[in-house]
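Engineer: this one's sequence-less:
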């Protein structure tokens, strides 16, 4: 395979989009060091991808930006240092602290119903197993009362 076919195979796009496997990435990096014209092709494809993203990009709704802004709350380093007993400088940059989201997991109602049904089936099987075990033990006791075990005499083997 020559260089032109290698470029046309789409490896550059896969590499830039992060879709290439580890082996393909290693081979591509080796090829870039051997063939400097690949770097030019990478820059061209990067430019084309950026242009596609800018031209055809979808602007997110305003409420998305508002939710991001709510999670980013500015805090001056001065307040942190003043708690520690030192004073912060006035030209300290702002630091942004991300507010973590609620880490609760939601489960579909169907999965909840399936879990409840599974628990009921397991409980029913456990109860029926216990019931039939008790019946077996009662039947065994009755049979032993009706037919007591008689010692059997062992007869010597004839030779």
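Structural biologist: Thanks, I have the structure now. In this text the structure is predicted, and so the values were computed from the model without any measurement.
Engineer: tell me the spacing between the spatially most central residue of the chain and residue 111.
Structural biologist: Compute the mean C-alpha point of the chain, and by C-alpha atoms, centre = their mean the closest residue is residue 105, 12.5 Å away. Note on residue 105: its distance to residue 111, by C-beta to C-beta, to the nearest Å, is 11 Å. Where C-beta positions appear, they are placed from N, C-alpha and C, glycine not excepted.
Engineer: repeat that for residue 122.
Structural biologist: 16 Å.
Engineer: before we move on, what about residue 156?
Structural biologist: Residue 156 sits at a distance of 70 Å from residue 111 (criterion: C-beta to C-beta).
Engineer: of those two, which one has the most company?
Structural biologist: Between residue 156 and residue 111, counted using other C-beta atoms under 10 Å, residue 111 has the larger neighbour count: 9 against 5.
Engineer: any common contacting residues for residue 105 and residue 111?
Structural biologist: Residues touching both residue 105 and residue 111 (C-beta atoms under 8 Å, 6 or more residues apart in numbering): there are none.
Engineer: would you map the strands across this protein?
Structural biologist: 72-75, 95-98 (DSSP state E).
Engineer: and the pLDDT at residue 141?
Structural biologist: At residue 141, the pLDDT value in this model is 92.
Engineer: and if you look at residue 12?
Structural biologist: For residue 12, the predicted pLDDT is 90.
Engineer: tell me how far the residue nearest to the centre of the chain lies from residue 114.
Structural biologist: Distance from residue 105 to residue 114, by C-beta to C-beta: 16 Å.
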